[in-house]
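1. please find the sequence and the predicted model below.
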Amino acid sequence: VIVESPAKAGTLGKFLGKDFQVTASYGHVRDLDRKGLSVDRDKDYKPEYRVVPGKEKTVAELMRLVKKAERVYLAPDPDREGEAICWHLHELLKKEAPKATFHRAEFNEITKAAVQRAIEKPGKISKDRVGAQQARRIIDRLVGYEVSELLWNKVWRGLSAGRVQTVALRIIVERE
């Protein structure tokens with residue numbers, strides 16, 4: 001069972017017992033590369049993901065663990081970010097465990113009953129939620145790079161802008 005936080009892993013480990021190994025991904029394991037746009041505008045805005053710097057040991061440990069697993073339960077938070085973490089984990093780990101089955105264990109409360117129910121009746125990774133998170137991330141990158149460059153040239157080098165700051169900037173310009 002893979003969750004986001006080590007504290008949650010400890011709690012779930014107590015709920016599930018010795019038949020399960022529960023570990024943490026410590027949040028996102030892949031993201032757009034920090035250098036460059038990392039979005040291919042010529043190929044339908046395809047994102048180019050890399051392992052997050054500093055997460056190499058975590059990913060290596062997860063790969064080591066799934067090699068021995070028959071079933072892998074991906075149990076990050078039940079939101080777009082958690083769904084994206086599940087998808088990234090699946091993409092990275094399925095190569096290491098081609099015979100293992102991957103499941104999405106989703107629960108909205110940290111209780112023994114809810115966790116056991118999620119393991120007994122797992123679902124699948126929601127492509128819609130993953131797509132929503134990817135769209136947000138790609139828009140952040142595209143808008144951030146374009147507007148940040150404008151700010152550097154016109155206002156102050158080193159300023160950054162993203163999806164949220166861009167709307168605020170527009171309001172300020174319209175009022176000006």
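-> All right, it came through fine.
2. residue 92 and residue 5: what is the separation?
-> Per CB to CB, to the nearest Å, residue 92 is found 19 Å from residue 5. No exception for glycine: its C-beta is placed from N, CA and C like everyone else's.
3. next, count neighbours for residue 51.
-> For residue 51, the neighbour count with other CB atoms under 10 Å is 17.
4. could you report the neighbour count for residue 82?
-> When neighbours are counted by other CB under 10 Å, residue 82 registers 22.
5. got a list of what it touches?
-> The neighbourhood of residue 82, defined by CB atoms under 8 Å, 6 or more residues apart in numbering, consists of 4, 76.
6. go through the helix ranked longest in the chain and flag the buried ones.
-> Taking DSSP state H as the criterion, the chain has its longest helix at helix 127-154. Of all the residues in helix 127-154, those buried under the rule 16 or more other CB atoms under 10 Å are 129-130, 133-134, 137-138, 141-145, 147-148, 151.
7. can I get these in CSV including pLDDT and distance to residue 21?
-> Formatted as CSV, the buried residues of helix 127-154 follow (pLDDT from 0 to 100; distance: CB to CB, whole Å):
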residue, pLDDT, distance to residue 21
129, 96, 26
130, 97, 25
133, 94, 27
134, 95, 29
137, 90, 30
138, 91, 34
141, 85, 35
142, 84, 40
143, 79, 41
144, 75, 38
145, 74, 41
147, 75, 45
148, 73, 43
151, 73, 47
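8. could I get these as TSV with distance to residue 10?
-> Shown next, in TSV, are the buried residues of helix 127-154 (distance: CB to CB, whole Å):
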residue	distance to residue 10
129	26
130	27
133	27
134	31
137	30
138	35
141	35
142	39
143	39
144	36
145	40
147	42
148	40
151	44
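9. out of those, who's nearest residue 112?
-> Nearest to residue 112 among the buried residues of helix 127-154 is residue 129, at 25.8 Å by CB to CB.
10. so the closest one touches residue 83, yeah?
-> Yes. Residue 129 lies in contact with residue 83 (CB atoms under 8 Å); the separation is 3.7 Å.
11. residue ranges for the strands of this structure, please.
-> Assigned strands in the chain, in chain order: 2-3, 23-24, 30-32, 39-40, 46-47, 49-51, 71-74, 101-104 (criterion: DSSP state E).
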